[in-house]
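Trainee: predicted coordinates and the sequence they were generated for:
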Amino acid sequence: MQKKLKKLFKLSCCFAFLLTACGTHEKPTFEYMPNMMDQPSVKAQEKMMRSPVAGTIPLGFEPYPYLLSEGDLAGKMLKNPLPRTRKTMERGKKMFNTYCAVCHGPRGLGDGSIVPKFPRPPMLSSEKVRAWADGQIYHTITMGQNLMPSYASQVEPEDRWAIVHYVRAIQRANHPTKEDVEKLKKKLEEMKR
Ligand code: HEC
C-alpha cells in the first residue's frame, strides 16, 4: 500500500512538472478565446487593485493556524526558523525595545515605563517562560494573552522570531549558566591584568 502511494505521488509530481513546463512558453500555442487574454478594458494594474472575493486568502499569506488557547500546541509545532546570529539578536533587541519594553521593561522584569498605569506584566525570565518552547513565546506575541494585546499586525513573523531569540538572551542574562559565569570571570581577570 505504502509503495503504491509513493509511486502515485511520484507520478503526480511528474505530471505537475509537465504541466508547468508546458506553461513556460512565451506564447501559448493555442489560445482559448483569445479576446479574453488581451482585452483592452482591464490593464494589469487594475486587476491588482480589485478587492479580493470574500473568504479568499491572498497568495503568499498563510493564516496563523492556532487558536488563542493553543499556545502549548504552537510551542510543540513551531520551530524558530532564524539562526541565533548577532544580526538576528540586534534585530530582536531593536524590536523588543520598540514593542515590548514599554510594558515588560528593557530587561523583561515587568518594569516598563507604562507601569504602574498599566498592570505590571510578569517577568519574562520566570521559571515558567524559561521552560516554554520558542513557539509558545511566538504564539504569545502573535495572539496576545489576557491583558496583553496581539502584535501580529505590527510585528512581522520574522521579527517575532528575532524577538524570541532576544527574550532568550534576556533570560540567560538573568539566569547565566555555570559556563557563562566562568567566561565572565575570566574576562574580568583579563581586564584586571
Ligand atoms: C501593553 C503592555 C504589553 C506589551 C506592549 C507587551 N506585553 Fe507581553 N504581557 C503583558 C501582560 C500584562 C502580560 C500578562 C498577561 C496575563 O495576565 O496572562 C504579558 C505576558 C507576556 C508573556 C507571557 C508571560 C507569562 O508568564 O505568562 C510573554 C512571553 C510576553 N508577554 C512577551 C511579550 C513580547 C515579546 C512583547 C513584544 C512583542 C510583549 N510581550 C508586549 C503586557 C504587554
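Mentor: Alright, I've got the coordinates.
Trainee: I'd guessed Phe96 sits against Tyr166; true?
Mentor: Yes - using CB atoms under 8 Å, Phe96 makes contact with Tyr166 at a distance of 4.9 Å. Yep, even glycine has a C-beta here, placed from its N, CA and C like the rest.
Trainee: tell me which residue is most central in this protein.
Mentor: Nearest to the mean C-alpha position of the chain, by CA atoms, centre = their mean, lies Pro157 at 2.8 Å.
Trainee: identify the residues contacting that one.
Mentor: Listed by CB atoms under 8 Å, 6 or more residues apart in numbering, the contact set of Pro157 reads Thr142.
Trainee: that one and Thr142: what is the separation?
Mentor: Look at Pro157 and Thr142: by CB to CB, to the nearest Å, they are 8 Å apart.
Trainee: in stretch 104-122, what's buried?
Mentor: 104-105, 108-112, 115, 121 (16 or more other CB atoms under 10 Å).
Trainee: which one of the residues you listed is nearest Gly92?
Mentor: Nearest to Gly92 among those, counting by CB to CB, is Gly108 at 12.2 Å.
Trainee: where does the residue nearest to the closest one when sequence neighbours are not counted sit relative to Ile170, distance-wise?
Mentor: Take Gly108 and drop its neighbours on the chain: the residue closest to it by CB to CB, 6 or more residues apart in numbering is Leu124, 3.2 Å away. Applying CB to CB, the value for Leu124 to Ile170 is 6 Å.
Trainee: mutual contacts of these two, please.
Mentor: Joint contacts of Leu124 and Ile170 (CB under 8 Å, 6+ apart) are Gly108.
Trainee: ok so, going back, farthest pair in the buried residues of stretch 104-122?
Mentor: Gly108 and Val115 (12.5 Å).
Trainee: could you give the mean pLDDT of stretch 165-183?
Mentor: With pLDDT averaged residue by residue, stretch 165-183 scores 96.
Trainee: list the buried ones in that stretch?
Mentor: Result for stretch 165-183 [16+ other CB under 10 Å]: buried residues 165-171.
Trainee: with secondary structure and distance to Gly55 as new columns, can those residues be given to me in JSON lines?
Mentor: Compiled in JSON lines, these are given as follows (DSSP: H, G, I helix; E, B strand; the rest coil; distance: CB to CB, whole Å):
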{"residue": "His165", "secondary structure": "helix", "distance to Gly55": "36"}
{"residue": "Tyr166", "secondary structure": "helix", "distance to Gly55": "37"}
{"residue": "Val167", "secondary structure": "helix", "distance to Gly55": "36"}
{"residue": "Arg168", "secondary structure": "helix", "distance to Gly55": "38"}
{"residue": "Ala169", "secondary structure": "helix", "distance to Gly55": "41"}
{"residue": "Ile170", "secondary structure": "helix", "distance to Gly55": "41"}
{"residue": "Gln171", "secondary structure": "helix", "distance to Gly55": "41"}
